[in-house]
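K.L.:
I'll drop the sequence and a predicted model, then ask my questions.
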Amino acid sequence: MRVLVVDDEKNIRRTMVVALESMDHEAVAVASGADALRELRAASFEVVFLDLKLHQESGLDILAEILRLAPKAAVVMVTAYGSIETAVEAMRRGAFDYLPKPCTPEQVRQLLARIERTHRLENRVAELESQLQSELPSFDLVSQSPTMQAALDTAFKAAQSDATVLILGESGTGKSVLAREMHARSLRKAAAFVTVSCPSLSRELLESELFGHVRGAFTGALSDTLGKVAAAEGGTLFLDEIGDLPSAIQAKLLRLLQEREYERVGETKSRRANVRVIAATNHDLSASLQTGKFREDLYYRLNVISLRLPPLRDRVQDIESIAKRHLEFFAARAGKQIHGLSTEALRSMQGYRWPGNLRELRNVIERAVILGNGQQIDLSDLSEIQPPSSSEVRVGGSVSLEEIENEHMRRVIANSRTMDEAAAVLGIDPATLYRRKKKL
């Protein structure tokens, strides 16, 4: 952390700086309240050690101004004139804690550790509040689709490590939900899970959101900002849609992954980062490598462990359980007694292509619950699900027998554990299936 020491005794300032730097904190020491306020206006500090009795000043008198300039800083009152009354008054005015002189390095270390734990808890609470506000149904941790179950198995094995993970899959397949579940199963679960949406901002704003900035770094930067990397300290940083990351930021992300270091915008000092990175994309990164849109060295650094979430159309056997889980969730929230899906509704859902995947299914069920009047979801409640278009491969449509065979083969392969199992389902020799797959 960045620590400001305010004390009028030179020896104490020097001793505190040495002690703090030996604990891997960055320390700045000043002798007066005016100098302290000047430092706080120029840069950000996570902790302020404030002497209660300065030359002609009282630490209690400048406490309010310190908290106004740095509302998130933990201010610790330090004094040789200690009393219970003074400690209570300091806490009442907003101080984090109280430390009597003389204090030992171990006392300082324990206090700073408590401040760090408090910061992590605050970040965790903010993340949980955000998660509760989203009000999403729970994520299925078991799948009847061999492809999906294999992806889940890989994800949950990787969750126990600090390895970087790359999650691939179409939009709406549950990449961000899986990343959050991996964090919940990791050794970092007590710290924050922080999401950065790569395509949501301009390059300049995205760089600032990711790494933070110092006051005056650009127009509108009126104060220091920590950034998402700092907010995820000790936890997980989730980079959503990494394929849209601007090329100018890719080099800085590569440095973060390789050296665990970064710099805030407008600052030359390197900062250490203790974060685990999970990235996700719906892009074909191999194609982006060929066009030069995505750095090859960054791709290999991200691709330590990769897994692909199949689209919902290739998880037909899971549609019923997912739909029923969403139905129970939205029916309970709407206060309705809706107990299931009709046979026609379920058959229609299983035959639909779901271009929006899980996100689209969720919206369809929510709308059906809100607008439906019966005790189950009928086909008439699923108006958004349209029959397959004429361009899609379907039995009875204007397509050749070869096209139908190829589509059937793709689906069987996607839902089989091995190529031998797929060949057995199709009733053909495995060597023949390999040749057909290569041709496809």
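P.N.:
Everything's here; your move. It should be emphasised that the depicted structure is a prediction, and the values quoted were computed from it without experimental measurement.
K.L.:
List the beta-bridge partners for Ser306.
P.N.:
Beta-bridge pairing for Ser306 (DSSP bridges): Leu166.
K.L.:
Could I get the contacting residues of it?
P.N.:
Each residue near Ser306 by Cβ atoms under 8 Å, 6 or more residues apart in numbering is listed here: Val165, Leu166, Ile167, Leu168. In short, each C-beta sits where N, CA and C put it, glycine included.
K.L.:
can you tell me which residues contact the first one?
P.N.:
Spelled out, it's Val165. By Cβ under 8 Å, 6+ apart, the contact set of Val165 is Ala155, Ala158, Ala179, Met182, Val277, Ile278, Ala279, Val304, Ile305, Ser306, Leu307.
K.L.:
try it again with 7 Å
P.N.:
By Cβ atoms under 7 Å, 6 or more residues apart in numbering, the contact set of Val165 is Ala158, Met182, Ile278, Ile305.
K.L.:
quick revisit: nearest to Val75 among the contacts of Ser306?
P.N.:
When those are compared for distance to Val75 (Cβ to Cβ), Val165 comes out closest, at 39.0 Å.
K.L.:
Go through stretch 324-344 and flag the buried ones.
P.N.:
Neighbour counts over stretch 324-344 (16 or more other Cβ atoms under 10 Å) mark Lys324, Arg325, His326, Leu327, Glu328, Phe329, Phe330, Ala331, Lys336, Ile338, Leu341, Ser342 as buried.
K.L.:
So for the residue located most distally from the centre of the chain, what pLDDT did the model give?
P.N.:
Distance from the C-alpha centroid of the chain peaks at Gln56, with 48.3 Å (Cα atoms, centre = their mean). Gln56 carries a pLDDT score of 79 in this model.
K.L.:
and the gap between it and Arg13?
P.N.:
Computed as Cβ to Cβ, to the nearest Å, the Gln56 to Arg13 distance reads 18 Å.
K.L.:
follow-up on the earlier one: return the closest of the buried residues of stretch 324-344 with respect to Ala90.
P.N.:
Distance to Ala90, by Cβ to Cβ, is smallest for Phe329 among the buried residues of stretch 324-344, at 47.9 Å.
K.L.:
do you know how far the closest one is from Leu302?
P.N.:
Phe329 is 33 Å from Leu302, by Cβ to Cβ.
K.L.:
Give the helix, strand or coil label for Glu407.
P.N.:
Assigned with DSSP: H, G, I helix; E, B strand; the rest coil, Glu407 falls in the helix class.
K.L.:
and which of the contacts of Val165 is nearest Pro355?
P.N.:
Ile278 (25.2 Å).
K.L.:
Quick check: that closest one is in a helix.
P.N.:
No - read with three-state DSSP, Ile278 is strand and lies in no helix.
K.L.:
shouldn't it be in contact with Gly235?
P.N.:
No - the criterion here is Cβ atoms under 7 Å, and Ile278 misses it with Gly235 at 10.8 Å.
K.L.:
Which one of those two is surrounded by more residues?
P.N.:
Ile278 (31 against 23; other Cβ atoms under 10 Å).
K.L.:
gap between the more buried one and Asp297?
P.N.:
In terms of Cβ to Cβ, Ile278 sits 19 Å off from Asp297.
K.L.:
Next, the contact list for the residue nearest to Gly227 when sequence neighbours are not counted, please.
P.N.:
Nearest residue to Gly227 in three dimensions, chain neighbours excluded: Gly212, at 2.7 Å (Cβ to Cβ, 6 or more residues apart in numbering). The contact partners of Gly212, by Cβ under 7 Å, 6+ apart, come to Thr225, Leu226, Gly227, Ala230, Arg264.
K.L.:
start to end distance for stretch 207-221?
P.N.:
In terms of Cα to Cα, to the nearest Å, the two terminal residues of stretch 207-221 are separated by 13 Å.
K.L.:
check contacts around Arg13.
P.N.:
Contact partners of Arg13, counting by Cβ under 7 Å, 6+ apart, are Val5, Asp7, Ala29, Ala31.
K.L.:
Could you single out the nearest of the residues you listed to Gly356?
P.N.:
Val5 (55.3 Å).
K.L.:
what helix or strand is the residue lying closest to that closest one once chain neighbours are set aside on?
P.N.:
Ranked by Cβ to Cβ, 6+ apart and with sequence neighbours excluded, the top spatial neighbour of Val5 is Ala29, at 4.2 Å. Secondary structure assignment for Ala29, by DSSP states H and E: strand 26-30.
K.L.:
Direction included, what does that strand pair up with?
P.N.:
strand 2-6 (parallel).
K.L.:
After the strand it pairs with, which helix or strand is next?
P.N.:
Next element after strand 2-6 (DSSP H and E): helix 10-22.
K.L.:
quick one: buried residues of that following helix?
P.N.:
Applying 16+ other Cβ under 10 Å to helix 10-22 flags Ile12, Arg13, Thr15, Met16, Val17, Ala19, Leu20 as buried.
K.L.:
Settle this for me: the fourth one is touching Val6, isn't it.
P.N.:
No - checked against Cβ under 7 Å, the pair Met16 and Val6 is beyond contact range at 10.0 Å.
K.L.:
what's the neighbour count on Glu207?
P.N.:
Glu207 has 22 nearby residues by other Cβ under 10 Å.
K.L.:
For it, give me its contacts.
P.N.:
Ile249, Val265.
K.L.:
redo that, cut-off 8 Å
P.N.:
Ala248, Ile249, Lys252, Val265.
K.L.:
same deal with Glu39?
P.N.:
Leu4, Val28, Val30, Phe45.
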